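Engineer: next one to model:
(4 chains)
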Number of protein chains: 4
Amino acid sequence: MTANTASVGILGATGYTGVELLRLLADHPSARVACMTSERYAGQPIVEVFPHLVGRDLPLLRQLGEVDLGGLDVVFGCLPHGTTQAVLGAMPRGPKVIDLSADFRLRDPDLYASTYGQAHGALERQRDAVYGLTELARPEIRKTDLVANPGCYPTAVQLPLRPLIEAGMIHLDQIVVDAKSGVSGAGRAAKEGSLHTEVSEGLHAYGVSCHRHTPEIEQGLSDAAGEPVLVTFTPHLVPMNRGILATIYLQLKGGLVAEDLQAALERRYRDEPFVRVLPYRSLPATRHVRGANLCLIAVHPGRQPGRAILISVIDNLVKGASGQALQNMNVMLDLPETAGLGQAPVFP
Amino acid sequence: MTANTASVGILGATGYTGVELLRLLADHPSARVACMTSERYAGQPIVEVFPHLVGRDLPLLRQLGEVDLGGLDVVFGCLPHGTTQAVLGAMPRGPKVIDLSADFRLRDPDLYASTYGQAHGALERQRDAVYGLTELARPEIRKTDLVANPGCYPTAVQLPLRPLIEAGMIHLDQIVVDAKSGVSGAGRAAKEGSLHTEVSEGLHAYGVSCHRHTPEIEQGLSDAAGEPVLVTFTPHLVPMNRGILATIYLQLKGGLVAEDLQAALERRYRDEPFVRVLPYRSLPATRHVRGANLCLIAVHPGRQPGRAILISVIDNLVKGASGQALQNMNVMLDLPETAGLGQAPVFP
Amino acid sequence: MTANTASVGILGATGYTGVELLRLLADHPSARVACMTSERYAGQPIVEVFPHLVGRDLPLLRQLGEVDLGGLDVVFGCLPHGTTQAVLGAMPRGPKVIDLSADFRLRDPDLYASTYGQAHGALERQRDAVYGLTELARPEIRKTDLVANPGCYPTAVQLPLRPLIEAGMIHLDQIVVDAKSGVSGAGRAAKEGSLHTEVSEGLHAYGVSCHRHTPEIEQGLSDAAGEPVLVTFTPHLVPMNRGILATIYLQLKGGLVAEDLQAALERRYRDEPFVRVLPYRSLPATRHVRGANLCLIAVHPGRQPGRAILISVIDNLVKGASGQALQNMNVMLDLPETAGLGQAPVFP
Amino acid sequence: MTANTASVGILGATGYTGVELLRLLADHPSARVACMTSERYAGQPIVEVFPHLVGRDLPLLRQLGEVDLGGLDVVFGCLPHGTTQAVLGAMPRGPKVIDLSADFRLRDPDLYASTYGQAHGALERQRDAVYGLTELARPEIRKTDLVANPGCYPTAVQLPLRPLIEAGMIHLDQIVVDAKSGVSGAGRAAKEGSLHTEVSEGLHAYGVSCHRHTPEIEQGLSDAAGEPVLVTFTPHLVPMNRGILATIYLQLKGGLVAEDLQAALERRYRDEPFVRVLPYRSLPATRHVRGANLCLIAVHPGRQPGRAILISVIDNLVKGASGQALQNMNVMLDLPETAGLGQAPVFP
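Structural biologist: Predicted coordinates for the structure are as follows:
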């Protein structure tokens, strides 16, 4: 630990994104967890909540009201949707903030209100927030004090799609996204629908045509297009803990073929350590990225002429949440972008 | 057991479709298993291969060459693809045959050859074969001696789609099918890709744009349309044993809305015991049909105008294989169609 | 449905034992569900809670206070532990009662109070209650109006052990039971510890030396021994929905060997349809009994002289709960004991 | 990479222990994979076999006969049981060898022959082999050129038991070990019994009283006791990929209680980074060590006086195989013992 070690706070450390941050930070050469909050478990060592953290030297859990966030270098917000806005309003300027909730992702306050069912509570901070899809917004992330960390589905969908939309290669009114997620995306709340008995050995769609991540995806694709884009987005719940796979069906513009998309994506992501375009017609699996800060992308031809299929996979807790948050911290603090993110995928 | 009890043979009884037939037949009031074959386990009682059959009164496993099929009322073919054709050629006419392999599903011998990589071996029988999607071909099934039992994916896709195509409600060049299957669809062969370690806790697509079930689906949809139809069909492997869920993306013809599809499907399947159209915007899960001979269908509006989404679920081993085979037997023998098929879904 | 059809009520129909009763009753030739209660979902059709019941003709869910239980032939109590006692106190005599909770399993009120943390609320009914391990108490079950249906672990442990203890074959102070259960044993309550994310891909022991089923097991073994017996009982939670496997370690009395246990158990269960002693040194799996009202038992020699190992498997929701309850109903009503219990195991 | 970087070879790199070594070595500061062999995939980049290795800079797979092992610093043997003996015979002295197979674990050639069904093929090397349970054999490991890396079950059993036996605290003729393992312990061979369909949603015991790891466990316990020890050891297969949990039932010597075992184990492992004795009566889960080089141990009192229960958990691929192998390499090369082994457990 040196003078250059960043002092980190985690608000809501006992959810899955919080505890995943702790896993990744264990390997970070220049960051140190200085404070962790949990309203429910305040006063306890976190190892009593998460026994797998045995042997880690971590501060006691504290209530949010008890801690002084002002002296920290970085604050990660891992609180439930709708609660970070109030916290940030009361927090001193100073620390860089990376918010993993949905609170600052949507620029349009009306869209936020209609999507999340409540008025936005910190509009003045919203104006400064940068949407932190790292590979596509590095310059802005470097300069801001508040990053809105993208949702898991939006990360898996925008990384392959935005470069193709920017290049004007696809029909904007024909985008179909069929996405599949593991159960940790629903968080650690004790809900009937997340019980092992209700989830294992089966599959279902949910939020058809109305999932909360749809406006977030559309905001990003519309930015890329320079015009409003609507997408058909259908999420499904799969009996596995981690992972998102998005299968994206596209209609190509005049004369283009799937290989053209392959070439465009390869060019765009050639030098990226965390986004990898696989050889044409590859079959990525979520288990190829389990535990790692990676997005794998594959391109396939459709069966009908003029159509193509993209497949992208991420670990929803890493590149889809805590890993990307750490990547954003590295950018904001001008650290090597891969610091603390060298974990190889865990297979089997 | 009475004079009216049908005498049944099962060729290839030690695969998953064979053993699932045995489970269902245990409840059948007027059928009796008279012979079962297995090249690998010939001479053994089947309980040594499948201990869960303990206590069942079943004949010894025999080699195909040893048994006299001529005296049976019904023969179920549960052999690997490409092998039933030769068997049927050598078999005496007499027993009704229900073939669960792909051998007789494709009417066009050239398409068969290009899809399965070998010339068709029993063209004269192919001409009489009826494609046994029960609800859509009862009159033909009643009259034939040879039913080609549909594939699992094709069952889940055609039941919701064919009535809508027949009614001319959807654009034929815009059909996208994103399908998800459990692992038993790959059979009981010892393959690396079906190991627990390779399949659990993850998800991947396979056969993108080139799965063998695509021509079978297209044959059925083209029949319904009266013109050639191509579909984009992407199967995915899900870490569960049983179940198929198909998410089907459609573009509606002139002014139609999703509710119109709902009404059309409700009308079509109103009196069917095994196909149920759920209330508009329902979310069927594969676990709702686990172990039962059911297909559940739901209709959803798309997010873009003029689009709709269908979701259908089946148990791939029941309505997608052995259950539908038994249903076809009942039709062929003029028995009550639900005989032996009253098992309720197993949940959890 | 005839004049001989039994009219059945299910109290607490929306838990897993209640809904499993509904699955099994679908096949019962002479019982009809006349009333179902649920405090939480009163007023709704049960298909809204359990979509897999689609197409079943079942009464609306009602509040307990609204229904008249007096006219029923049989009442199944599927309520949480500690609540049936009050219900029975207020209920008219008349219907046969089969209680699946723990409320009437322990004869000693002090032991009940110390195990379940509350005084017994219906001592006068307790005196008449028969502990319903069907194979071992048929005459008493036939005569009673109140059966205390055994717990899942106690069923798996007592069926193999009690005959051996009665025969004086084993040392009573050396019994070690290492048991493993699927997740449905914890019921449908939304608890963090039953989430897919917390349960899948892992294993742990719980209730070591202090699980609530220990006194129930010891009561049964002590009855068999005619003297007090203590057992070491360690349950483990396994990432599967259904199934219990008990591995039981024994020290044999003077000169006996494991084959002697095999012979004794074969003799005891020779004519039982639902308890099967497998060939010596068999390896039963929980998946061999999934969905079926079966207990499989295997006997193995220990490595040290004078020791033996028993393995028993059941489906905790069937022979460990609702299946045995139905079996008890059949005995109480003098119906064929296998009525409604012919379901073959579901594999894979 | 410096002059001090160890040059590492992996024989049989495409099994699960080989590929797990590659995951761990990705984090090792002073080791470099110089050569990897695979008879089946020779000539291919390993990423074609294991797509999750995308982006790793690794040598091509080669046939064993093609590579020069002499110039390496360390060779890891990840070959099937029975094949390393021949390889070592033909290999030049020089590299340190850590063998993950069973080939050099049993000191007694007769016991090896009867356990593994073939005569030992390299007796002269056997004499120098050190059994590499790191925490219990550091001085010998430091001096040897050949480590026999322990089996997964034997690691989970010996770490808690050997210190107690050495201290004379338990009755040697009363040790019962009930162990549960994930599926990766069976390796990557395409076997019917390891298919997802045959393994998931169920549980069974195997190798009762005759598993190959029993002699290995008994050798270690006998060494600790100074006299021959037999154990009852029952392994079970659990539907999860990684993890072993051993539940160990003990009879304590004269007047000792379980707390005495707790104190003895705490003393023994106080300074060990990879073996942690949890607070008395803790409930360790395999998911607490998933992906990490850890063994967690808990002590519980038995229900009967004078009895105790130990629970230990490891990840079978890490502390039970490749992690311990790397730990042994660190000891042999005089590197910090924790180098490359800092991965935190992956949860959920």
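
Engineer: where in chain A is pLDDT low?
Structural biologist: A:1-3 (pLDDT under 70).

Engineer: where exactly do the strands run in it?
Structural biologist: Residue ranges of the strands in chain A, as given by DSSP state E, are A:6-11, A:31-37, A:61-62, A:74-77, A:96-99, A:130-131, A:146-148, A:176-181, A:204-205, A:232-237, A:244-251, A:275-277, A:295-301, A:307-314.

Engineer: okay if I get those strands as JSON lines plus mean neighbour count and distance to chain B?
Structural biologist: In short, each C-beta sits where N, CA and C put it, glycine included. Below are the strands of chain A laid out as JSON lines (neighbours: other C-beta atoms under 10 Å in any protein chain shown; distance: least, C-beta to the nearest C-beta, whole Å):
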{"stretch": "strand A:6-11", "mean neighbour count": "24", "distance to chain B": "26"}
{"stretch": "strand A:31-37", "mean neighbour count": "22", "distance to chain B": "28"}
{"stretch": "strand A:61-62", "mean neighbour count": "20", "distance to chain B": "29"}
{"stretch": "strand A:74-77", "mean neighbour count": "26", "distance to chain B": "26"}
{"stretch": "strand A:96-99", "mean neighbour count": "25", "distance to chain B": "27"}
{"stretch": "strand A:130-131", "mean neighbour count": "21", "distance to chain B": "21"}
{"stretch": "strand A:146-148", "mean neighbour count": "27", "distance to chain B": "23"}
{"stretch": "strand A:176-181", "mean neighbour count": "26", "distance to chain B": "4"}
{"stretch": "strand A:204-205", "mean neighbour count": "24", "distance to chain B": "4"}
{"stretch": "strand A:232-237", "mean neighbour count": "24", "distance to chain B": "5"}
{"stretch": "strand A:244-251", "mean neighbour count": "24", "distance to chain B": "5"}
{"stretch": "strand A:275-277", "mean neighbour count": "22", "distance to chain B": "16"}
{"stretch": "strand A:295-301", "mean neighbour count": "26", "distance to chain B": "4"}
{"stretch": "strand A:307-314", "mean neighbour count": "27", "distance to chain B": "6"}
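
Engineer: D:V67 is nearest to which of those strands?
Structural biologist: The minimum distance between D:V67 and the strands of chain A falls on strand A:275-277, with 28.8 Å, by C-beta to C-beta.

Engineer: does that closest one come close to chain D?
Structural biologist: Yes: using C-beta under 8 Å from any C-beta of the partner chain, we find that strand A:275-277 touches chain D at A:R276.

Engineer: give the pairing partners of that strand; include direction for each.
Structural biologist: Strand pairing for strand A:275-277, using DSSP bridges, gives strand A:295-301 (parallel).

Engineer: for the longest helix along chain A, packing partners?
Structural biologist: In chain A, assigned by DSSP state H, the helix with the most residues is helix A:152-166. Using 3 or more C-beta pairs under 8 Å, 6 or more residues apart in numbering or on different chains; DSSP states H and E as the contact test, the elements touching helix A:152-166 are strand A:176-181, helix A:213-225, strand A:232-237, strand A:244-251, helix A:258-269, strand A:295-301, strand A:307-314.

Engineer: might one say that A:L335 is in contact with A:S30?
Structural biologist: Yes: using C-beta atoms under 8 Å, A:L335 is in contact with A:S30, at 6.1 Å.

Engineer: spell out which parts of the stretch 51-200 of chain A neighbour chain D.
Structural biologist: Residues of the stretch 51-200 of chain A lying near chain D by C-beta under 8 Å from any C-beta: A:51-56, A:184, A:200.

Engineer: separation between the residue lying farthest from the centre of chain A and A:A137?
Structural biologist: Largest separation from the mean C-alpha position in chain A: A:G255, at 34.1 Å (C-alpha atoms, centre = their mean). When C-beta to C-beta, to the nearest Å is the yardstick, A:G255 and A:A137 sit 31 Å from each other.

Engineer: which of the residues of the stretch 51-200 of chain A next to chain D come close to chain B?
Structural biologist: Contacts with chain B are made by A:S200 out of these, judged by C-beta under 8 Å from any C-beta.

Engineer: taking the residues of the stretch 51-200 of chain A next to chain D, tell me the two that lie furthest apart.
Structural biologist: Taking C-beta to C-beta as the measure, those span a maximum distance of 30.8 Å, between A:G55 and A:S200.

Engineer: of these two, who's got more company?
Structural biologist: Set A:G55 next to A:S200 and count neighbours by other C-beta atoms under 10 Å in any protein chain shown: A:S200 wins out with 25 against 13.

Engineer: show me what contacts the closest residue to the more buried one other than its chain neighbours?
Structural biologist: Closest residue to A:S200 apart from its sequence neighbours, by C-beta to C-beta, 6 or more residues apart in numbering or on different chains: A:P239 at 4.5 Å. Going by C-beta atoms under 8 Å, 6 or more residues apart in numbering or on different chains, A:P239 touches A:183, A:199-203, B:238-240, C:196, C:200.
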